[in-house]
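Q: generate a structure from the sequence data that follows.
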Amino acid sequence: MARILVVEDNLPLAEGIAYNLEHERHEARIAEDGRAGLEAVRAWSPDLVILDLMLPELDGYQVLQAIRKERNAVPVIILTARGEEADKVRGFRLDADQYVTKPFGVLELIERVNALLRRAAARAPVAAPAHLIRFGDVVVDTAARTVTRGGRPCALTPKAFELLLALIHRDGAVATRVELLTEVWGYGAFVLSRTVDSHVAELRRKLEVDPAHPRHIVTVWKSGYRFDAAPRTS
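A: Numbering: from 1, shown residues only. Predicted coordinates for the structure are as follows:
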C-alpha cells in the first residue's frame, strides 16, 4: 500500500481517482489547490503525487518546482487539459515523471501509478539492518556480537566490544573515562585506572587503519574519548 496525494481542484474527478486508488489498496488524500497540495507533501510525505496544472493559489508548475527545490524526489504525475508540447517540455524540465492529458481513462492512470511505484521501489536503496553498524571498512553486528573489518572477522574481548558499543551509542558525544568505567565495568565513579586506555588501544589496533593516528576512536584532550563514524575534517 502506498500513500498517494491527488492535487486537483475538480473535486468529482479527484474523488473518482481517489476511489480507484483505494480500490487498489492505496491510501489517497485530496488537496483542492496548489498551496494545500504543497503543504500536504511536506506534512504527509506521500509516496506519489498526482498533480493538476491548472490550480488556484499555486499552479502545478509552482508546486512541482517547490517540491524539487526541497530535494524531494517523490514521483509526480502531471494532469492537464493542455496538450501542447511546450507545456510537456516545461513539466519534464521541472522533473515530472509522467504527463497525462485530459480526458484520460482512470484505469490507465492507475496503471501508470502502479508502474511508477514499482520503479521507485526498485531504485530505492536497501537499508542496512538496524543491528548492523558500519564505519570505514568495519561492520559491527550488535545482534551476533561480532565485528568484521574488510570482510574478515575481527576478534574483540567482551569488554572491548562493550566499550566500542558504549562509544558508538553516544553518537559523537564525548565520554569520560569514569563514565566508560561505570558503564562497561560497573565501577563506581571513585575508581581510577588505565583500564579504559588499554582497551581503547586494543580497539584502535584492530579497527583503525592507522592506530597511531585514529580517525574513528578519537582522544579528546582532558576529557575522554569520542567515536566518529565519519571522520571530521576540522
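
Q: what mean pLDDT does stretch 73-90 get?
A: The pLDDT scores in stretch 73-90 average 79.

Q: next: stretch 52-70.
A: pLDDT averaged over stretch 52-70 gives 92.

Q: tell me which residues in that stretch are buried?
A: D52, L53, L55, L58, D59, G60, Y61, Q62, V63, L64, A66, I67 (16 or more other C-beta atoms under 10 Å). Quick note: C-beta positions are derived from backbone N, CA and C, even for glycine.

Q: would you map the helices across this protein?
A: For the chain, the helices defined by DSSP state H cover 11-23, 34-44, 60-69, 85-93, 106-123, 158-168, 177-180, 195-207.

Q: out of these, which is closest to I77?
A: helix 106-123 (6.2 Å; C-beta to C-beta).

Q: helices or strands next to the closest one in the packing?
A: Helix 106-123 makes packing contacts with helix 11-23, strand 48-52, strand 76-80, strand 98-101 when contacts are defined by 3 or more C-beta pairs under 8 Å, 6 or more residues apart in numbering; DSSP states H and E.

Q: among those, which is the most enclosed?
A: strand 48-52 (a mean of 26; mean count of other C-beta atoms under 10 Å).

Q: which other residues reach that one?
A: For strand 48-52, the external contacting residues (C-beta atoms under 8 Å, 6 or more residues apart in numbering) are 2-10, 17, 37, 41, 60, 63-64, 67, 74-80, 96, 109, 113, 116-117, 120.
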